[in-house]
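# Provided below for reference: sequence and predicted model.
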Amino acid sequence: MALVTDIITQTTPTEIYASTNDSAITWATFTNYGAGAATLTLYVVPSGDSAVNENMILDGESISAGDTFSLYTAGEKLLLSNGDKIYAFSDTASSVNVVISYTSI
């Protein structure tokens, strides 16, 4: 398994993970370390596509200051093909960090 960490610095969709070959996202956490609430929007984008409504998996989830939103924590996995990507943005730039655990399959 491997980890990817990042800070969501944009208020528009920005790539936070790109699958090299096939991979499985085993879990992801998004922590709001800002002073106020922040909203989070996530997209799972097939290779060659864009972060548009058809690829949205989470829309404007509110994360309180100091709180964490977890994705895929009960043994679920998100399977991605080569070139598939995950995009994210927050309404509050540079307040939300992300940690993604993945494995090649």
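On my side now, so go ahead. Numbers count the residues shown, from 1 in each chain.
# now for the helix or strand where Ile57 lies, which elements pack on it?
If you go by DSSP states H and E, Ile57 is part of strand 56-63. For strand 56-63, the elements it packs on are strand 23-32, strand 38-45, strand 68-71, judged by 3 or more CB pairs under 8 Å, 6 or more residues apart in numbering; DSSP states H and E. C-beta here means a position set from N, CA and C on the backbone, and glycine is covered the same way.
# Report how many residues lie close to the closest residue to Ala51 other than its chain neighbours.
Residue nearest to Ala51 in three dimensions, not counting chain neighbours: Pro13, with 3.6 Å by CB to CB, 6 or more residues apart in numbering. A count of nearby residues for Pro13, using other CB atoms under 10 Å, gives 19.
# Could you report the pLDDT at Pro13?
Per-residue pLDDT puts Pro13 at 96.
# Touching, it and Val44? I think so.
No. Look at Pro13 against Val44 with CB atoms under 8 Å: they stay out of range, at 11.5 Å.
# who touches both of the two?
Common contact partners of Pro13 and Val44 (CB atoms under 8 Å, 6 or more residues apart in numbering): none.
# would you say Glu54 is within a helix?
Yes. Counting by DSSP: H, G, I helix; E, B strand; the rest coil, Glu54 is found in a helix.
# burial of it, as a residue count?
Neighbour count of Glu54, defined by other CB under 10 Å: 10.
# Give the bridge partners for Phe30, please.
Here Phe30 sits in beta bridges with Phe69, Val98, as judged by DSSP bridges.
# actually Ser90, not the one I typed
With DSSP bridges as the rule, Ser90 is bridged to Leu40.
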